[in-house]
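The amino acid sequence is not available; the structure is as follows:
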(Lines give C-alpha, C1' and ligand atoms only; values in the text may rest on other atoms or scores of the structure.)
Protein backbone atom coordinates (compact mmCIF):
# COMPACT_ATOMS: atom_id res chain seq x y z
CA UNK A 1 0.00 0.00 0.00
CA UNK A 2 1.18 3.46 -0.69
CA UNK A 3 0.92 6.34 1.79
CA UNK A 4 -2.13 7.89 0.17
CA UNK A 5 -4.10 4.65 0.39
CA UNK A 6 -2.99 4.13 3.99
CA UNK A 7 -3.95 7.69 4.91
CA UNK A 8 -7.37 7.32 3.30
CA UNK A 9 -7.93 3.99 5.07
CA UNK A 10 -7.00 5.51 8.45
CA UNK A 11 -9.23 8.51 7.82
CA UNK A 12 -12.16 6.25 6.86
CA UNK A 13 -11.63 4.14 9.99
CA UNK A 14 -11.63 7.26 12.20
CA UNK A 15 -14.77 8.63 10.57
CA UNK A 16 -16.51 5.25 10.90
CA UNK A 17 -15.50 4.92 14.57
CA UNK A 18 -16.86 8.38 15.33
CA UNK A 19 -20.10 8.19 13.38
CA UNK A 20 -21.24 4.63 14.09
CA UNK A 21 -22.50 5.37 17.63
CA UNK A 22 -24.51 8.30 16.25
CA UNK A 23 -25.87 6.19 13.41
CA UNK A 24 -26.82 3.51 15.94
CA UNK A 25 -28.68 6.04 18.11
CA UNK A 26 -30.49 7.49 15.10
CA UNK A 27 -31.46 4.01 13.89
CA UNK A 28 -32.79 3.08 17.34
CA UNK A 29 -34.81 6.32 17.53
CA UNK A 30 -36.30 5.74 14.07
CA UNK A 31 -37.26 2.17 15.01
CA UNK A 32 -38.93 3.36 18.26
CA UNK A 33 -40.80 6.09 16.37
CA UNK A 34 -41.99 3.63 13.72
CA UNK A 35 -43.23 1.25 16.42
CA UNK A 36 -45.10 4.09 18.17
CA UNK A 37 -46.71 5.25 14.94
CA UNK A 38 -47.77 1.68 14.10
CA UNK A 39 -49.24 1.21 17.60
CA UNK A 40 -51.21 4.46 17.39
CA UNK A 41 -52.51 3.61 13.94
CA UNK A 42 -53.84 0.17 14.87
CA UNK A 43 -54.75 0.34 18.56
CA UNK A 44 -58.37 -0.32 19.46
CA UNK A 45 -60.47 2.81 19.84
CA UNK A 46 -63.37 2.52 22.28
CA UNK A 47 -66.64 3.80 20.89
CA UNK A 48 -70.06 4.36 22.41
CA UNK A 49 -72.34 1.34 22.00
CA UNK A 50 -75.37 3.65 21.69
CA UNK A 51 -74.31 6.35 19.20
CA UNK A 52 -70.99 4.96 17.91
CA UNK A 53 -69.15 8.17 18.85
CA UNK A 54 -65.52 8.32 19.99
CA UNK A 55 -66.09 11.12 22.49
CA UNK A 56 -66.09 8.71 25.45
CA UNK A 57 -64.43 8.54 28.86
CA UNK A 58 -63.65 5.58 31.11
CA UNK A 59 -63.03 5.31 34.82
CA UNK A 60 -60.62 2.84 36.39
CA UNK A 61 -60.05 2.05 40.04
CA UNK A 62 -56.59 2.84 41.35
CA UNK A 63 -55.09 1.29 44.48
CA UNK A 64 -53.17 4.30 45.82
CA UNK A 65 -51.31 2.22 48.40
CA UNK A 66 -49.97 -0.20 45.82
CA UNK A 67 -49.85 2.38 43.02
CA UNK A 68 -51.52 0.32 40.31
CA UNK A 69 -54.83 -0.01 38.51
CA UNK A 70 -56.98 -2.61 40.26
CA UNK A 71 -59.10 -3.65 37.27
CA UNK A 72 -57.30 -2.97 33.96
CA UNK A 73 -60.17 -4.47 31.95
CA UNK A 74 -62.74 -2.04 33.42
CA UNK A 75 -63.07 0.46 30.51
CA UNK A 76 -64.91 -1.99 28.25
CA UNK A 77 -67.05 -3.60 30.93
CA UNK A 78 -70.08 -2.13 32.67
CA UNK A 79 -71.83 1.08 31.78
CA UNK A 80 -71.28 2.62 35.22
CA UNK A 81 -67.59 3.16 34.45
CA UNK A 82 -68.02 4.72 31.00
CA UNK A 83 -69.43 8.07 29.92
CA UNK A 84 -70.34 9.31 26.44
CA UNK A 85 -70.19 13.09 26.08
CA UNK A 86 -72.40 12.94 22.97
CA UNK A 87 -75.17 10.93 24.69
CA UNK A 88 -74.55 12.63 28.07
CA UNK A 89 -75.10 9.29 29.77
CA UNK A 90 -73.34 6.24 31.18
CA UNK A 91 -72.96 3.74 28.34
CA UNK A 92 -71.29 0.48 27.38
CA UNK A 93 -68.30 0.73 25.07
CA UNK A 94 -67.31 -1.31 22.09
CA UNK A 95 -63.74 -1.60 20.85
CA UNK A 96 -63.27 -0.84 17.20
CA UNK A 97 -60.08 -0.75 15.16
CA UNK A 98 -58.94 2.47 13.59
CA UNK A 99 -59.40 2.60 9.90
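Thanks, I have the structure now. Bear in mind the structure is a predicted one, so any value in this text is a computation, not a measurement. Numbers count the residues shown, from 1 in each chain.

where does the residue nearest in space to the middle of the chain fall, phi/psi-wise?
For the chain, the residue nearest the mean C-alpha position is residue 36 (4.1 Å; C-alpha atoms, centre = their mean). Per-residue torsions, residue 36: phi -60, psi -40 (degrees, to the nearest 10).

Roughly how far does it sit from residue 54?
In this view, residue 36 and residue 54 are 20 Å apart by C-beta to C-beta, to the nearest Å. Every residue, glycine included, has its C-beta placed from N, CA and C.

Just the helices from the protein, written as ranges.
Assigned by DSSP state H, the chain shows helices spanning 3-42.

Domain ranges for it, per the record?
Per automatic domain parsing, the structural domains of the chain span 1-42, 44-97.

show me where pLDDT drops low in this protein?
Where the chain drops to pLDDT under 70, the residues are 1-2, 38-43, 71-79, 96-99.

at 90 instead, please
1-49, 54, 56-83, 91-99 (pLDDT under 90).

what's the most buried one of the domains of the chain?
Mean neighbour count (mean count of other C-beta atoms under 10 Å) peaks for domain 44-97 among the domains of the chain, with a mean of 13.

and that one, how far from the chain's centre?
19 Å (C-alpha atoms, centre = their mean, to the nearest Å).

now swap in stretch 23-32 and tell me
Using C-alpha atoms, centre = their mean, the offset of stretch 23-32 from its chain centre is 16 Å.

Stretch 3-20 too?
With C-alpha atoms, centre = their mean, you get 40 Å for stretch 3-20.

now do stretch 27-47
Centre-to-centre, stretch 27-47 and its host chain are 5 Å apart (C-alpha atoms, centre = their mean).

follow-up on the earlier one: roughly how far apart are the residue nearest to the centre of the chain and residue 30?
11 Å.

Residue 60 now?
Taken as C-beta to C-beta, the span from residue 60 to residue 30 is 33 Å.

same deal with residue 12?
Applying C-beta to C-beta, the value for residue 12 to residue 30 is 24 Å.
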